[in-house]
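**Q** Please work out how this folds:
(2 chains)
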Amino acid sequence: MGLLNVFQRISQSPTNPHPTAAPRTFDVADLYRGPVSTQGDTPDAGAPPLDEKLRQAYFWIVNTAIISPHYDIEYNDGPPQSFVLGDSKSRLTLPSGQSYSSFVLLPILTFATRRKCLFIGGPGRGKTASAILMGVLGGYSVREVRRAMQHGHPQMTIADLLGNPLPADLVNAQRIEDIRISWRQWLGMRVKIIDEYNRIPTRTQSALLTVMGDNYAEILNHIYECPDSAWFLTANDDQGGGTYQVIEALRDRIDVVVQALAFNPRFLADLLTRIEENIRPDEVVPRQIVFTESEVDRMQEEIRAVAVSNEVRRRLEFFASQFEFCEVAGDQFEYKTKDTARLAGVEWHLLTVQETGRDRLKDIGCQTKNGLSVRVLMTLLIYSKALAYFRGNQIVVLDDVRQILPFVLHDKLSPDSEAPFFDAPGNGVFRADRIGWLRKVFDLSCADYDRLNLDREDPVAELAKEFQRGLDGLSESETRSRLVKIERLIAEWTKGRKLYGHIYDDVLKLKYLHQRYTNYLRWLKTQ
Amino acid sequence: MVENAVSNALASILRSGRADFNARFAAARRIHSDLDPGAFADFLRTAVDELARAVEKVRPDRLGEVTMAAYEAALELIGQKLAGPGARLASIEEGWRRILPKAASLVAAAPGRLIPAVCNAVHQIASTHGARPAQWIATMEKLGPECGDAEAFLKLGQVVAWRAGLAHLRSGAIATADALPEPLALAAVGAKTGTSWASVREQLLANSWFDPASGSSVARVVAQAGSFKGFGGLFIEPPIVASSGEHFLVQSDRECWLLTADIFGATFHRASVKEFAAKVPPGLLLKGSRVAFNGQSFELPTIGELTSAAANETTLALTSPLTHSITLVALR
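**A** So this is what the prediction gives:
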């Protein structure tokens, strides 16, 4: 019983101390908070804010439950120390700010935002254990979580996954509405775990897709509406192999992919302690870090309220605009996209072999076979807000986006390993290191953004801002003047400028603005 | 071994729960590798035993719970070197031994709250630069036993902590004192006999420099808050001040603090440099070592030419290049 206290210690607040605005009110109750714990005579009335509780949960997991001494999400308060090791010049950075382990942080953020997280990695690396911990954080007992966990296997049927009609009703019912369904209990849980999802047969994957994508289950015209939940899926092979190919729509529903990194044997003593004391971390989760349903609801609202500055948003727009454009994919301007070529079944190499005059080494868009969907962009924004919230901030900084982006885009942006970028010296490693590649691409995009000085010289942003002031009261002459401005800008761009992804999207935006003004002008003439 | 050197009451409790107590000690040692068995045994024999004897006289039925709570607290104190030989803060043990036995009936009612509360309060006061833990201990030793229940004891402790130098607790402490019996509230703030809490309260709220003990308030230099970092203070270079509502912001080098100050003391709290905006308040004139504000004038030759000034309704804060302290002048 005594050792339980060791495993149930949670980090003292503040868990992410940094200078904040000076407090204007002080709580007399703080006098009695200190190094000696109050012992359960009355419940602690001063519960910490939810972001602090989330951090306490993270630190408890990373210090006590899951041995993950990796700080691959790096933040710096000042210049970090950096070392080069080995003949291949491997760079080790010692971050100067509070940094995090993706294997613990991403599930925590997924839990807080009720999104979907896929754990990948070899067997026995803690994927299922991490998912179970998230279920316990959600207020369920370990037994409930284990029993509700869905284990993928080749014989899994839809009935196994969702439930069965009651046999007596099947026999006696005169109408389909009279058949009652015994739904599986896991459908109503706020934390759902699917173990080895890539072993579920394709037909059953479709049923799972309906639950994951649309949040309902259907059997014989009967609908079960599932509550919003956090989903945790595990797979041993992230290529969707295993027993069955995972259908693309199901893969696309996953929001983040996190890899279980290798265990560091220097921490074997911790494993030994667990064996000797027979302690299972999922059974000793401190109740102070367990979240109620209403707390998670509130946390979601608080996360949504985290702001994204214009500067960060513009860089993200610029980055996202690099990838979809494919000049040779279509004749109509709007169809010059990689998606057009993919839908037409055109071979990729037939597209890449055609010369467009662009620098294929510098053009970031040449590195990928696809672009970013709306769903992915929304996921990126939500996780960026969640990360900022987790760090105790009310606004997303560029570093938040940079750190979370590789995990969101891991399975979403497909690299073209034949692209010249990967053949450049030092870049070959990015064929295997997806996370590193995505960060590199983002960095290159930000560098391009700075080189083009888009924070200060962005004529499209000026025109968009002008449009956003509204059309009410806009005169015919002013409307014509704005139309001319747009046309002049496009004409300027026709002079010897290569068509890159961001210019393509800018031109489409100009076309949108032009069309809006044109429609307005037509309407004005009828007044 | 410990059982033989303590009172029979405590020995009996320790003996009956030996396995559990030993397991707790072992678990605590995993967290605090420096936990010294000898120092812990000494603490049990002295501080814990004194409390146990006192509780046995008034509430023998609660001795078990009190012992358990005291044992847990002792593990944390000795493990963190906050009590016992070589303790970082000797006043915590002093507070335990002077306050808790005298309030034994209250401790018996809520040992899990009061024992940690007293330890944490002393720790916090002793860790606050300029605050007076000895004053808090002496006042609580005297007034604690007069409390009717544990809740009143805790409220009293908050008011007395303010009086012992935690100036930032001012408004909360005054509100807390409202909930105490009048004689206790007046005693907690050190008010003169024959006064009423309502009148003392009104004056405390109106003037940060009202002294309940003397009942006086007159414009005067009342405090020098802060000092050079080399002498245990906060400031690397002489600071400058700016107003911030009812408090002040202080900046030195590239760091910033919020200063709260009143008749009972002055405390500093970390703030963001971005908040600091030095502006001379309207109606304030600085000339050399002389300052004029709202019809009052002060000459401060000892601190030389003034570098910055800030004011609120009751206080003027002044700095100079010759000192690392902030001179506080009561305006009423």
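**Q** Pull the number of nearby residues for residue 71.
**A** I went with chain A, as the question did not name one. Close neighbours of A:Tyr71, defined as other CB atoms under 10 Å in any protein chain shown, add up to 16. For glycine as for every other residue, the C-beta is placed from the backbone atoms N, C-alpha and C.
**Q** oops, I was thinking of chain B
**A** Using other CB under 10 Å, B:Tyr71 is surrounded by 23 other residues.
**Q** heading toward the C-terminus, what's the first helix or strand past the helix or strand containing it?
**A** Using DSSP states H and E, B:Tyr71 falls within helix B:63-79. Next helix or strand after helix B:63-79 toward the C-terminus (DSSP H and E): helix B:90-99.
**Q** dump the residue contacts of B:Ile137.
**A** Contacts of B:Ile137 were listed using CB atoms under 8 Å, 6 or more residues apart in numbering or on different chains, and they are B:91, B:94-95, B:98-99, B:122.
**Q** how about the strands of chain A, start to end?
**A** With strands called from DSSP state E, chain A shows them at A:81-85, A:90-94, A:116-120, A:150-151, A:163-165, A:181-183, A:191-195, A:216-219, A:222-225, A:230-235, A:256-259, A:307-308, A:395-396.
**Q** Chain B too?
**A** With strands called from DSSP E, chain B shows them at B:220-225, B:240-244, B:247-252, B:255-262, B:265-271, B:284-287, B:290-293, B:296-299, B:308-311, B:315-319, B:326-330.
**Q** out of the strands of chain A, deepest packed?
**A** Ranked by mean neighbour count, the strands of chain A are led by strand A:230-235 with a mean of 26 (mean count of other CB atoms under 10 Å in any protein chain shown).
**Q** partners of that one in the sheet?
**A** Strand A:230-235 has its sheet partners listed here by DSSP bridges as strand A:116-120 (parallel), strand A:191-195 (parallel).
**Q** nearest to A:Ala388, of those strands?
**A** Nearest to A:Ala388 among the strands paired with strand A:230-235 is strand A:116-120 (18.3 Å), distances taken as CB to CB.
**Q** And for A:Glu317, the neighbour number?
**A** Neighbours of A:Glu317 using other CB under 10 Å come to 17.
**Q** Which residues of the stretch 101-250 of chain B lie near chain A?
**A** With CB under 8 Å from any CB of the partner chain as the criterion, the stretch 101-250 of chain B meets chain A at residues B:110-113, B:115-117, B:119-121, B:123-124, B:154, B:157-158, B:161-162, B:166, B:168-169, B:171-173, B:175-176, B:244-245, B:247, B:249.
**Q** Under the pLDDT cut-off, which ranges of the stretch 151-300 of chain A? List them.
**A** A:237-243 (pLDDT under 70).
**Q** how about a cut-off of 90?
**A** Low-confidence segments of the stretch 151-300 of chain A, defined by pLDDT under 90: A:153-155, A:169-171, A:173, A:176-178, A:198, A:203, A:235-248, A:260-265, A:267-288.
**Q** Looking at it, which residue is nearest chain B?
**A** A:Thr273 (8.6 Å; CB to the nearest CB).
**Q** Burial check on that residue, number of neighbours?
**A** Number of residues near A:Thr273 (other CB under 10 Å) recorded here: 14.
**Q** most centrally placed residue in the chain?
**A** The chain I'm using is chain A. A:Val408 (3.8 Å; CA atoms, centre = their mean).
**Q** wait, I meant chain B there
**A** Central residue of chain B (CA atoms, centre = their mean): B:Ile125, at 3.1 Å.
**Q** pretty sure that one contacts B:Met140?
**A** No: contact criterion CB atoms under 8 Å: B:Ile125 and B:Met140 do not qualify, at 10.6 Å.
**Q** for A:Asp400, what are its contacts?
**A** Applying CB under 8 Å, 6+ apart to A:Asp400 gives the contacts A:384, A:387-388, A:391, A:393.
**Q** can you pull the pLDDT of it?
**A** We have a pLDDT of 96 for A:Asp400.
**Q** Likewise for B:Arg53?
**A** pLDDT recorded at B:Arg53 is 95.
**Q** so what's it closest to, chain neighbours aside?
**A** The shortest distance from B:Arg53 to any non-neighbouring residue, by CB to CB, 6 or more residues apart in numbering or on different chains, is to B:Ser7 (5.1 Å).
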